[in-house]
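K.L.:
I would like to see how this sequence folds:
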Amino acid sequence: MEMNFAPLALKAAEFAQIRELAYRKFGLDIKEGKQSLIVTRLSKELRRLGLTSFEQYCRHVTSDHSGEALIEMADALTTNFTSFMREQAHFQFLRKELSAQLPRSGPVDIWSAASSTGEEPYSILFTLLETLGPSADVRILATDISTRALKAGTAAVYEAPKLAGLPPGWLQRYFLKGNGQFTGSYRVRPEYRERVRFKRFNLVTDQPGNTKFPAIFCRNVAIYFDKPTQADLARKLASVLEPGGYLFIGHSESLSGMDHGLAYVQPALYRKDGKG
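P.N.:
From the prediction side, this is the model:
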(Lines give C-alpha, C1' and ligand atoms only; values in the text may rest on other atoms or scores of the structure.)
Protein backbone atom coordinates (compact mmCIF):
# COMPACT_ATOMS: atom_id res chain seq x y z
CA MET A 1 0.00 0.00 0.00
CA GLU A 2 1.38 3.43 -0.98
CA MET A 3 1.98 5.75 1.96
CA ASN A 4 1.26 9.46 1.60
CA PHE A 5 3.03 11.78 4.00
CA ALA A 6 1.77 15.29 4.71
CA PRO A 7 4.48 17.97 4.48
CA LEU A 8 6.05 18.77 7.82
CA ALA A 9 5.83 22.34 9.08
CA LEU A 10 9.10 24.21 9.61
CA LYS A 11 8.87 26.99 12.18
CA ALA A 12 11.02 30.11 11.92
CA ALA A 13 13.01 29.21 15.04
CA GLU A 14 13.68 25.69 13.70
CA PHE A 15 14.82 27.06 10.34
CA ALA A 16 17.14 29.49 12.14
CA GLN A 17 18.62 26.67 14.24
CA ILE A 18 19.21 24.42 11.22
CA ARG A 19 20.83 27.33 9.34
CA GLU A 20 23.11 28.05 12.29
CA LEU A 21 24.11 24.39 12.71
CA ALA A 22 24.80 23.94 9.00
CA TYR A 23 26.93 27.09 8.87
CA ARG A 24 28.88 26.51 12.09
CA LYS A 25 29.51 22.79 11.58
CA PHE A 26 30.17 22.51 7.86
CA GLY A 27 30.08 25.99 6.38
CA LEU A 28 26.84 25.64 4.42
CA ASP A 29 25.35 29.11 3.92
CA ILE A 30 21.58 28.51 3.70
CA LYS A 31 19.94 31.67 2.45
CA GLU A 32 16.71 33.10 3.78
CA GLY A 33 13.80 31.80 1.72
CA LYS A 34 15.15 28.24 1.45
CA GLN A 35 12.65 26.81 3.92
CA SER A 36 11.01 24.56 1.32
CA LEU A 37 14.41 23.15 0.36
CA ILE A 38 15.10 22.27 4.00
CA VAL A 39 11.73 20.59 4.35
CA THR A 40 12.26 18.58 1.15
CA ARG A 41 15.75 17.40 2.01
CA LEU A 42 15.28 16.66 5.72
CA SER A 43 11.76 15.21 5.79
CA LYS A 44 12.98 11.78 4.72
CA GLU A 45 15.53 11.88 7.55
CA LEU A 46 12.81 12.73 10.06
CA ARG A 47 10.65 9.84 8.86
CA ARG A 48 13.61 7.47 9.05
CA LEU A 49 14.18 8.48 12.66
CA GLY A 50 10.48 8.29 13.56
CA LEU A 51 10.34 11.99 14.41
CA THR A 52 7.25 14.11 13.87
CA SER A 53 8.63 17.66 14.03
CA PHE A 54 11.72 19.66 13.17
CA GLU A 55 11.93 20.67 16.82
CA GLN A 56 12.50 16.99 17.70
CA TYR A 57 15.02 16.71 14.87
CA CYS A 58 17.04 19.71 16.09
CA ARG A 59 17.17 18.19 19.59
CA HIS A 60 18.27 14.87 18.09
CA VAL A 61 21.16 16.45 16.15
CA THR A 62 22.40 18.66 18.97
CA SER A 63 22.20 15.93 21.63
CA ASP A 64 24.02 13.29 19.57
CA HIS A 65 27.61 13.54 20.84
CA SER A 66 28.82 10.85 18.43
CA GLY A 67 28.50 13.32 15.54
CA GLU A 68 26.68 10.74 13.38
CA ALA A 69 23.43 12.74 13.31
CA LEU A 70 25.32 15.78 12.07
CA ILE A 71 26.99 13.70 9.33
CA GLU A 72 23.57 12.45 8.23
CA MET A 73 22.29 16.03 8.23
CA ALA A 74 25.21 17.08 6.02
CA ASP A 75 24.51 14.14 3.70
CA ALA A 76 20.90 15.25 3.33
CA LEU A 77 21.61 18.96 2.78
CA THR A 78 24.63 18.85 0.47
CA THR A 79 24.40 18.30 -3.27
CA ASN A 80 26.59 15.61 -4.82
CA PHE A 81 26.11 16.32 -8.53
CA THR A 82 29.22 15.50 -10.54
CA SER A 83 30.33 13.86 -13.77
CA PHE A 84 33.41 12.40 -15.40
CA MET A 85 35.71 14.98 -17.03
CA ARG A 86 33.54 17.84 -15.75
CA GLU A 87 34.90 21.26 -16.80
CA GLN A 88 37.10 20.03 -19.64
CA ALA A 89 39.46 23.02 -19.54
CA HIS A 90 40.88 21.77 -16.23
CA PHE A 91 41.74 18.38 -17.65
CA GLN A 92 43.30 19.97 -20.72
CA PHE A 93 45.53 22.01 -18.40
CA LEU A 94 46.29 18.94 -16.33
CA ARG A 95 47.33 17.03 -19.44
CA LYS A 96 49.20 19.75 -21.34
CA GLU A 97 50.69 22.00 -18.66
CA LEU A 98 50.76 20.46 -15.20
CA SER A 99 51.86 17.00 -16.32
CA ALA A 100 55.05 18.48 -17.76
CA GLN A 101 55.94 19.82 -14.30
CA LEU A 102 55.37 16.54 -12.45
CA PRO A 103 58.17 14.05 -11.71
CA ARG A 104 58.42 11.01 -13.97
CA SER A 105 59.65 8.92 -11.04
CA GLY A 106 58.46 8.83 -7.45
CA PRO A 107 54.91 9.39 -6.18
CA VAL A 108 52.56 12.05 -7.48
CA ASP A 109 49.88 12.93 -4.91
CA ILE A 110 46.81 14.96 -5.93
CA TRP A 111 43.99 16.00 -3.59
CA SER A 112 40.39 15.92 -4.79
CA ALA A 113 38.97 17.89 -1.86
CA ALA A 114 35.28 17.62 -2.72
CA SER A 115 35.29 14.24 -4.42
CA SER A 116 31.58 13.48 -4.25
CA THR A 117 30.87 10.02 -5.71
CA GLY A 118 34.28 9.59 -7.31
CA GLU A 119 33.95 10.83 -10.87
CA GLU A 120 36.42 13.69 -10.29
CA PRO A 121 39.27 11.75 -8.61
CA TYR A 122 39.06 8.93 -11.17
CA SER A 123 39.06 11.49 -14.00
CA ILE A 124 42.23 13.04 -12.53
CA LEU A 125 43.87 9.63 -12.15
CA PHE A 126 43.07 8.46 -15.68
CA THR A 127 44.19 11.77 -17.23
CA LEU A 128 47.56 11.61 -15.47
CA LEU A 129 48.10 7.95 -16.32
CA GLU A 130 47.38 8.72 -19.97
CA THR A 131 49.99 11.49 -19.88
CA LEU A 132 52.68 10.17 -17.53
CA GLY A 133 52.31 6.52 -18.50
CA PRO A 134 50.40 3.60 -16.98
CA SER A 135 53.21 2.73 -14.56
CA ALA A 136 53.38 6.25 -13.07
CA ASP A 137 52.98 6.28 -9.28
CA VAL A 138 49.89 8.50 -9.20
CA ARG A 139 47.82 8.56 -6.01
CA ILE A 140 44.65 10.52 -5.37
CA LEU A 141 43.36 11.57 -1.95
CA ALA A 142 39.59 11.88 -2.37
CA THR A 143 37.73 13.59 0.47
CA ASP A 144 34.15 14.64 1.02
CA ILE A 145 31.86 15.44 3.94
CA SER A 146 29.20 13.02 2.71
CA THR A 147 29.62 9.45 3.90
CA ARG A 148 27.05 8.37 1.33
CA ALA A 149 29.09 9.89 -1.50
CA LEU A 150 32.33 8.37 -0.17
CA LYS A 151 30.74 4.92 -0.08
CA ALA A 152 29.69 5.27 -3.71
CA GLY A 153 33.14 6.49 -4.73
CA THR A 154 34.82 3.58 -2.98
CA ALA A 155 32.50 1.11 -4.74
CA ALA A 156 33.26 2.86 -8.07
CA VAL A 157 30.26 1.41 -9.89
CA TYR A 158 28.75 3.71 -12.54
CA GLU A 159 25.84 3.29 -14.91
CA ALA A 160 26.66 3.37 -18.63
CA PRO A 161 25.13 6.84 -19.34
CA LYS A 162 27.55 8.34 -16.80
CA LEU A 163 30.47 7.10 -18.91
CA ALA A 164 29.23 8.18 -22.32
CA GLY A 165 31.54 11.18 -22.48
CA LEU A 166 34.80 9.39 -21.70
CA PRO A 167 37.61 9.67 -24.28
CA PRO A 168 37.92 6.76 -26.73
CA GLY A 169 39.40 3.63 -25.20
CA TRP A 170 39.02 4.67 -21.57
CA LEU A 171 35.96 2.53 -20.89
CA GLN A 172 37.78 -0.63 -22.00
CA ARG A 173 41.06 0.35 -20.35
CA TYR A 174 39.89 1.43 -16.92
CA PHE A 175 36.54 -0.31 -16.31
CA LEU A 176 35.07 -3.78 -16.00
CA LYS A 177 31.67 -4.42 -17.57
CA GLY A 178 28.99 -5.58 -15.15
CA ASN A 179 26.78 -8.60 -15.72
CA GLY A 180 23.82 -10.20 -14.00
CA GLN A 181 22.28 -7.69 -11.60
CA PHE A 182 24.99 -5.19 -12.64
CA THR A 183 24.20 -5.33 -16.36
CA GLY A 184 24.32 -1.79 -17.73
CA SER A 185 26.92 -0.70 -15.17
CA TYR A 186 30.70 -0.59 -15.12
CA ARG A 187 33.19 -0.72 -12.25
CA VAL A 188 36.63 0.83 -12.10
CA ARG A 189 39.23 -1.92 -12.31
CA PRO A 190 40.73 -2.87 -8.91
CA GLU A 191 44.27 -1.82 -9.83
CA TYR A 192 42.96 1.71 -10.34
CA ARG A 193 40.55 1.75 -7.40
CA GLU A 194 43.48 1.07 -5.07
CA ARG A 195 45.19 4.27 -6.27
CA VAL A 196 42.34 6.42 -4.92
CA ARG A 197 41.92 6.73 -1.15
CA PHE A 198 38.50 7.96 -0.01
CA LYS A 199 38.32 9.69 3.36
CA ARG A 200 35.77 11.83 5.17
CA PHE A 201 36.95 15.41 5.60
CA ASN A 202 35.12 18.56 6.67
CA LEU A 203 36.61 21.44 4.67
CA VAL A 204 35.45 23.97 7.25
CA THR A 205 36.41 22.40 10.58
CA ASP A 206 39.10 19.78 9.78
CA GLN A 207 42.77 20.53 9.22
CA PRO A 208 44.78 18.90 6.41
CA GLY A 209 47.85 16.83 7.23
CA ASN A 210 51.47 17.49 6.33
CA THR A 211 51.38 16.21 2.75
CA LYS A 212 52.10 18.88 0.13
CA PHE A 213 50.29 18.58 -3.20
CA PRO A 214 51.28 19.83 -6.66
CA ALA A 215 47.58 20.23 -7.39
CA ILE A 216 44.34 20.42 -5.39
CA PHE A 217 40.89 20.23 -6.95
CA CYS A 218 38.22 21.89 -4.83
CA ARG A 219 35.45 22.59 -7.30
CA ASN A 220 31.82 23.61 -6.99
CA VAL A 221 31.68 23.44 -3.21
CA ALA A 222 32.73 26.93 -2.08
CA ILE A 223 29.66 28.36 -3.84
CA TYR A 224 27.69 27.09 -0.84
CA PHE A 225 29.89 29.10 1.59
CA ASP A 226 29.89 32.79 2.41
CA LYS A 227 32.88 34.97 1.48
CA PRO A 228 34.75 34.75 4.84
CA THR A 229 34.46 30.95 4.81
CA GLN A 230 35.60 30.84 1.17
CA ALA A 231 38.67 32.93 2.05
CA ASP A 232 39.51 30.73 5.05
CA LEU A 233 39.20 27.64 2.86
CA ALA A 234 41.43 29.10 0.14
CA ARG A 235 44.15 29.86 2.71
CA LYS A 236 43.83 26.37 4.19
CA LEU A 237 44.23 24.73 0.79
CA ALA A 238 47.09 27.05 -0.18
CA SER A 239 48.97 25.99 2.96
CA VAL A 240 49.27 22.42 1.64
CA LEU A 241 50.11 23.28 -1.95
CA GLU A 242 53.68 22.74 -3.05
CA PRO A 243 55.55 25.85 -4.19
CA GLY A 244 54.32 26.37 -7.74
CA GLY A 245 51.29 24.15 -7.09
CA TYR A 246 47.85 24.75 -8.56
CA LEU A 247 44.39 25.12 -7.03
CA PHE A 248 41.48 24.24 -9.33
CA ILE A 249 38.08 25.69 -8.38
CA GLY A 250 34.71 25.60 -10.13
CA HIS A 251 34.11 27.85 -13.13
CA SER A 252 31.19 29.45 -11.29
CA GLU A 253 33.52 30.35 -8.41
CA SER A 254 36.12 33.08 -7.89
CA LEU A 255 38.76 33.95 -5.31
CA SER A 256 39.05 37.59 -6.37
CA GLY A 257 39.12 40.13 -3.58
CA MET A 258 40.33 37.58 -1.01
CA ASP A 259 43.61 37.38 0.87
CA HIS A 260 44.90 33.88 0.06
CA GLY A 261 48.39 34.33 -1.39
CA LEU A 262 47.58 32.61 -4.69
CA ALA A 263 48.10 34.10 -8.14
CA TYR A 264 45.39 34.03 -10.80
CA VAL A 265 46.35 31.88 -13.81
CA GLN A 266 43.14 31.59 -15.82
CA PRO A 267 39.43 31.25 -14.97
CA ALA A 268 38.98 28.82 -12.06
CA LEU A 269 42.73 28.20 -11.69
CA TYR A 270 45.22 29.70 -9.21
CA ARG A 271 48.92 29.09 -8.52
CA LYS A 272 51.05 29.28 -5.41
CA ASP A 273 54.29 31.23 -5.64
CA GLY A 274 57.15 29.00 -6.76
CA LYS A 275 59.26 30.10 -3.81
CA GLY A 276 56.86 28.62 -1.27
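
K.L.:
Just give me the residue closest to the centre of this protein.
P.N.:
Centroid-nearest residue in the chain: Ala114, 1.9 Å away (criterion: CA atoms, centre = their mean).

K.L.:
Help me confirm that it comes into contact with Asn220.
P.N.:
Yes - using CB atoms under 8 Å, Ala114 is in contact with Asn220, at 7.1 Å. Glycine gets a C-beta too; all of them are placed from N, C-alpha and C.

K.L.:
Do you have the helices of the stretch 1-150 of the chain handy? List them.
P.N.:
Under the criterion DSSP state H, counting those that start in this stretch, helices of the stretch 1-150 of the chain are mapped to 12-26, 35-49, 54-63, 68-77, 88-93, 99-101, 119-132, 147-155.

K.L.:
Quick check: which of these is nearest to Gly274?
P.N.:
Closest approach to Gly274 among the helices of the stretch 1-150 of the chain is made by helix 99-101 (10.2 Å; CB to CB).

K.L.:
okay, how far is it across stretch 257-264, tip to tip?
P.N.:
The straight-line separation of the ends of stretch 257-264 (CA to CA, to the nearest Å) is 11 Å.

K.L.:
per-residue pLDDT, Lys227?
P.N.:
For Lys227, the pLDDT comes out at 89.

K.L.:
Can you give me the distance of it to Thr79?
P.N.:
Lys227 sits 20 Å away from Thr79, going by CB to CB, to the nearest Å.

K.L.:
got it, and Gln56?
P.N.:
Distance from Gln56 to Thr79, by CB to CB: 25 Å.

K.L.:
For the lowest-mean-pLDDT helix or strand in the chain, which outside residues touch it?
P.N.:
For the chain, using mean pLDDT, DSSP states H and E, the weakest element among its helices and strands is helix 68-77, scoring a mean of 85. Helix 68-77 is contacted from outside by 21-22, 25-26, 28, 30, 38, 41-42, 44-45, 60-61, 64, 145-149, 200, using CB atoms under 8 Å, 6 or more residues apart in numbering.

K.L.:
and those residues, which are buried?
P.N.:
Applying 16 or more other CB atoms under 10 Å to the contacts of helix 68-77, the neighbour count classes 21-22, 25-26, 28, 30, 38, 41-42, 45, 60-61, 145-146, 148-149 as buried.
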